[in-house]
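Asker: The sequence isn't on hand, but the structure is:
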């Protein structure tokens, strides 16, 4: 089979995965709308819209595997714009599937979202068998993508769907609405107040970036289609997360609580037994150590 690993999406996760693949001596091409702030040695970067059919036709013939990491939304974006969610996230995926139909031996790894796709699970930790209960158009888009990919897999293509929890770590940029950990660490660094929607008792599963990258690598070599949760297997409330960050940084965080938003999941913790059994993957970095590494990197760059 061909040469390079094709990464669709060059954000925080894409850059981390590209670096790791090049460290392993792999050829890597990244297709993304925006170039990274710093060049990644050994990585071919193609700035393009992901629905560019001509580009896909150009790069797929020499492709070893495809990893779909791209998304333009969070549960808070496009909250009243379902058509925009479909156009910007779902349509490019369908375009990719159409192009891949001519290359049945190329495996596809798709990053869904374990943090939003289950809604408010009836039991915790939640397994992959739990029904999909999206509470936002972002989550509905992920659910729709999984259903399309399920049909694609039943037609004979190898599709591995990963449902990661809330990924974080060094290099994750501070951007309003994207990632609570970079947000709270940025406020700790600047000494500015942070807004919390609700009472701070919402529970999430936080996954260190190196552990997520390792799960992606194992998925690339998995011999069969399947869907897998990828998380720490532990839940922490937002209030607990803030206290832990204060302990790690030895700084005080000023919190301003605001009314809760309707589309937010109350609690989700992922059961990761399936990926442990079938791929031998287990998370290595706990939340306190991950926060410490992320804070150290942030101080170095400040």
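Answerer: Structure's in. What do you need? Remember, predicted model here, so these are calculated numbers, not experimental data. Numbering: from 1, shown residues only.
Asker: Scan the protein for its longest helix.
Answerer: Assignment by DSSP state H gives helix 137-154 as the longest helix of the chain.
Asker: So which elements touch the following helix or strand past it?
Answerer: Sequence order places strand 159-164 as the next helix or strand after helix 137-154, per DSSP states H and E. With contacts defined as 3 or more C-beta pairs under 8 Å, 6 or more residues apart in numbering; DSSP states H and E, the packing partners of strand 159-164 are strand 108-111, helix 137-154, helix 209-220, strand 226-230. For glycine as for every other residue, the C-beta is placed from the backbone atoms N, C-alpha and C.
Asker: Now find how far off-centre the helix or strand following strand 159-164 is within its chain.
Answerer: Note on strand 159-164: by DSSP H and E, the next helix or strand toward the C-terminus is strand 166-168. Here the centre of strand 166-168 is set off from its chain's centre by 7 Å, with C-alpha atoms, centre = their mean, to the nearest Å.
Asker: Could you list every helix and strand that strand 166-168 packs against?
Answerer: Using 3+ C-beta pairs under 8 Å, 6+ apart: strand 166-168 touches helix 180-190, strand 206-208, helix 209-220.
Asker: low-scoring pLDDT stretches of the stretch 101-250 of the chain, where are they?
Answerer: 177 (pLDDT under 70).
Asker: hang on, the earlier thing: can you spell out which helices and strands pack onto the longest helix of the chain?
Answerer: Against helix 137-154 (3+ C-beta pairs under 8 Å, 6+ apart) you get helix 82-85, helix 91-100, strand 108-111, strand 159-164.
Asker: So for residue 34, which of those sits nearest?
Answerer: helix 91-100 (14.8 Å; C-beta to C-beta).
Asker: what comes up buried for that closest one?
Answerer: Neighbour-count burial for helix 91-100 flags 92-97, 99-100 (criterion: 16 or more other C-beta atoms under 10 Å).
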